[in-house]
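Novice: Have a look at this prediction, sequence included:
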Amino acid sequence: MTIEYQETAKDLLTRIDIHQKYGARDIDQWMIELLQPSPGDVILDVGCGAGKQCFLYWEKTAGKASITGGDISQELLEKARAENARRGASIRFMELDFNQPFPFAAEQFDLVSCSFAIYYAGDIPFTLREMHRVLKTGGRLFTTGPMPENKKVFYDIIRAASGKPIPPMPGSSRYASLILNTMRDLFRQVEVHIFENPLTFETVEPFLEYTRASLSEDRKLWKPLFQSKQEFENLMQAIEREARAWIAREGKIVMTKVVGGFIATK
Ligand SMILES: C[S@@+](CC[C@H](N)C(=O)[O-])C[C@H]1O[C@@H](n2cnc3c(N)ncnc32)[C@H](O)[C@@H]1O
């Protein structure tokens with residue numbers, strides 16, 4: 001299966017910024033408390049984007065873990081490398097396509113992580129088998145992704161604005177089913193953890209900024225709702241009307257992110 005998906009650096013960084021400003025909880029803290037990476041660990045982060053999780057591991061281990069981040073986007077890898085230099089860190093950022101065999105021998109890593117990315121893989125069992133192969137026995141795989149009840153309000157507003165059903169999102173439609181089941185098949189043990197983070201918007205602007213960064217015209221997933229730039233702008237206007245009516249009625253929009261964290265042990 002081909003997933004038509006392209007993350008731009010600007011959209012990803014906008015959403016990360018809005019989570020940090022309007023969310024009640026810090027996902028990084030949740031993740032680090034769950035994973036407790038140790039100095040000396042050999043870590044691979046797949047779909048690392050601009051390096052968010054890699055830098056978190058680097059901080060937590062005081063620079064004493066061996067960390068590799070891999071991604072297919074040159075644009076995001078460049079951002080990650082610039083941040084690496086700015087911090088004086090020595091994380092290795094490399095091109096890695098998770099639809100291809102990983103360029104590593106078996107049994108190399110103590111921890112492989114993949115945050116908000118695994119569900120874009122064309123053949124999820126193949127990608128999970130590669131993650132399993134490169135892990136040491138006893139090593140852990142950590143994946144995160146949206147659970148089916150994730151940001152319900154966001155989809156309710158878009159559904160009302162467009163009058164159309166929401167197209168299936170590869171994350172919420174596959175994460176808690178295919179991905180979890182395949183991890184259970186491949187690994188000795190799998191734990192499921194849930195992170196809930198309400199984002200509160202008292203004005204429409206940050207909600208619209210978040211929506212733009214999720215739907216922008218290069219996100220092919222939303223094709224049934226808009227194709228041209230003009231259709232996108234028309235939809236955004238309808239979303240703005242719905243969002244304003246919501247705030248007039250409820251006083252605010254509370255959009256709760258519901259994220260699963262699956263930890264599998266080899
Ligand atoms: C939503 S972003 C998450 C990035 C990062 N983990 C974070 O949480 O900030 C999804 C990432 O998956 C990457 N990605 C998509 N297809 C990929 C592929 N075939 N191989 C490797 N990475 C891929 C994208 O480039 C993007 O960086």
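Specialist: Received, thanks.

Novice: CA atoms for contacts and neighbours, from now on please.
Specialist: Will do.

Novice: Nearest residue to the spatially most central residue of the chain in space, please, no chain neighbours.
Specialist: Geometric centre of the chain, nearest residue: F116, 2.1 Å, by CA atoms, centre = their mean. Using CA to CA, 6 or more residues apart in numbering and skipping the chain neighbours, the partner closest in space to F116 is G145 (4.9 Å).

Novice: And the one you found, how close does it get to Q36?
Specialist: Distance, G145 to Q36, using CA to CA, to the nearest Å: 19 Å.

Novice: Same question for W246.
Specialist: From W246 to Q36 the distance is 40 Å (CA to CA).

Novice: So if I had to pick from those two, which one is more boxed in?
Specialist: W246 (16 against 11; other CA atoms under 10 Å).

Novice: rewinding a little: model confidence score at the residue nearest to the centre of the chain, please.
Specialist: pLDDT recorded at F116 is 93.

Novice: and it, backbone torsions?
Specialist: phi 60, psi 40 (degrees, to the nearest 10).

Novice: can you pull the contacts of it?
Specialist: For F116, the contact set (CA atoms under 8 Å, 6 or more residues apart in numbering) comprises 47, 143-146, 171.

Novice: Mind checking which of those are in strands?
Specialist: Residues of the contacts of F116 located in strands (DSSP state E): 143-146.

Novice: Drop anything exposed from these.
Specialist: Buried subset of those (neighbour count, 16 or more other CA atoms under 10 Å): 143-146.

Novice: Report the two of those residues separated the most.
Specialist: T143 and P146 (10.5 Å; CA to CA).

Novice: List of residues touching stretch 231-238?
Specialist: Against stretch 231-238 from outside (CA under 8 Å, 6+ apart): 161-162, 208, 212, 216-217, 225-226.

Novice: Count the neighbours of the nearest residue to I27 once chain neighbours are set aside for me.
Specialist: In space, and not counting its chain neighbours, I27 is closest to F195: 7.5 Å by CA to CA, 6+ apart. Using other CA under 10 Å, F195 has 18 other residues around it.

Novice: for whatever helix or strand F195 lives in, the distance to its chain's centre please.
Specialist: Using DSSP states H and E, F195 sits in strand 189-201. When distances are taken as CA atoms, centre = their mean, to the nearest Å, strand 189-201 is centred 12 Å away from the chain's centroid.

Novice: what packs against it?
Specialist: helix 9-22, helix 27-35, strand 253-265 (3 or more CA pairs under 8 Å, 6 or more residues apart in numbering; DSSP states H and E).

Novice: Please work out which of those is packed deepest.
Specialist: strand 253-265 (a mean of 22; mean count of other CA atoms under 10 Å).

Novice: picking that back up, adding pLDDT, write the contacts of F116 out as a markdown table.
Specialist: Converted to a markdown table, the contacts of F116 look like this (pLDDT from 0 to 100):
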| residue | pLDDT |
| --- | --- |
| G47 | 97 |
| T143 | 98 |
| T144 | 97 |
| G145 | 94 |
| P146 | 92 |
| G171 | 76 |
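
Novice: Of these, which pair is most distant in space?
Specialist: G47 and P146 (15.5 Å).

Novice: Please state the mean pLDDT value computed over stretch 22-35.
Specialist: 95.

Novice: contacting residues around it?
Specialist: 20, 53, 56-57, 60, 195-201.

Novice: how close does L56 get to I27?
Specialist: From L56 over to I27 (counting by CA to CA), the distance is 11 Å.

Novice: What of F126?
Specialist: 28 Å.

Novice: With A245 instead?
Specialist: 30 Å.
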